[in-house]
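Chemist: following is a predicted model, sequence given first.
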Amino acid sequence: MQKTCTEIIDETLAAGYTRSNRGIDKDRCYYIAPGNGVMCAVGRCCEAPQSEWIGSFTRLRLSENDDCLSPADRESLLKPEYRGHPAFFWTDLQDLHDEWENWNETGLSTVGEIKVTSIREKWCQHDS
């Protein structure tokens with residue numbers, strides 16, 4: 001069964017991200033960080049995220065030398081229950097995860113709370 005945008009956002013917030021515990025290694029965001037194995041907000045929704053993947057979900061490449069994946073190829077990387085959402089939803093979720101100011105040492109910051117509200121208003125209106 002397909003997860004709604006609300007469910008995906010709620011799972012992301014429950015993932016335990018903090019300023020120092022995200023899919024980030026050496027100041028770079030990864031779908032799965034090679035140093036600690038923590039997956040980013042989108043990586044945790046993928047079947048088998050790789051640390052070599054690069055770029056935002058809308059411009060995802062499997063490695064630095066590859067072309068951007070087609071929308072269908074990107075979608076196939078997601079676990080089945082996460083498929084069917086616009087690529088820009090995933091980009092907004094990535095931005096929430098990636099932006100340092102959205103987090104503090106205990107979780108979501110005040111700035112992050114505002115970002116979550118914005119994402120919910122933008123994407124969750126069609127959840128059923």
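Modeler: Sure, I can see it. Residues are numbered from 1 along each chain as shown.
Chemist: hey, let's count contacts and neighbours off CA atoms from now on
Modeler: Fine.
Chemist: okay, now the sheet partners of the helix or strand of the chain with the lowest mean pLDDT, with direction.
Modeler: Least confident element among the helices and strands of the chain, by mean pLDDT, DSSP states H and E: strand 24-25 (a mean of 84). Neighbouring strands of strand 24-25 in its sheet, by DSSP bridges, are strand 28-29 (antiparallel).
Chemist: let me see the mean pLDDT of the strand it pairs with.
Modeler: Mean per-residue pLDDT for strand 28-29: 88.
Chemist: which residues sit against the helix or strand following it?
Modeler: Later in the chain than strand 28-29, the nearest helix or strand by DSSP states H and E is helix 71-77. With contact meaning Cα atoms under 8 Å, 6 or more residues apart in numbering, helix 71-77 is reached by C46, E47, A48, P49, F57, T58, L60, R83, G84, A87.
Chemist: ok, stretch 83-101 next?
Modeler: With Cα under 8 Å, 6+ apart as the test, stretch 83-101 has contacts from 2, 5, 9, 19, 22, 24, 29, 40-42, 56-58, 71, 75-76, 102, 109, 111-112, 115-116, 119, 123.
Chemist: right, I'll leave it there.
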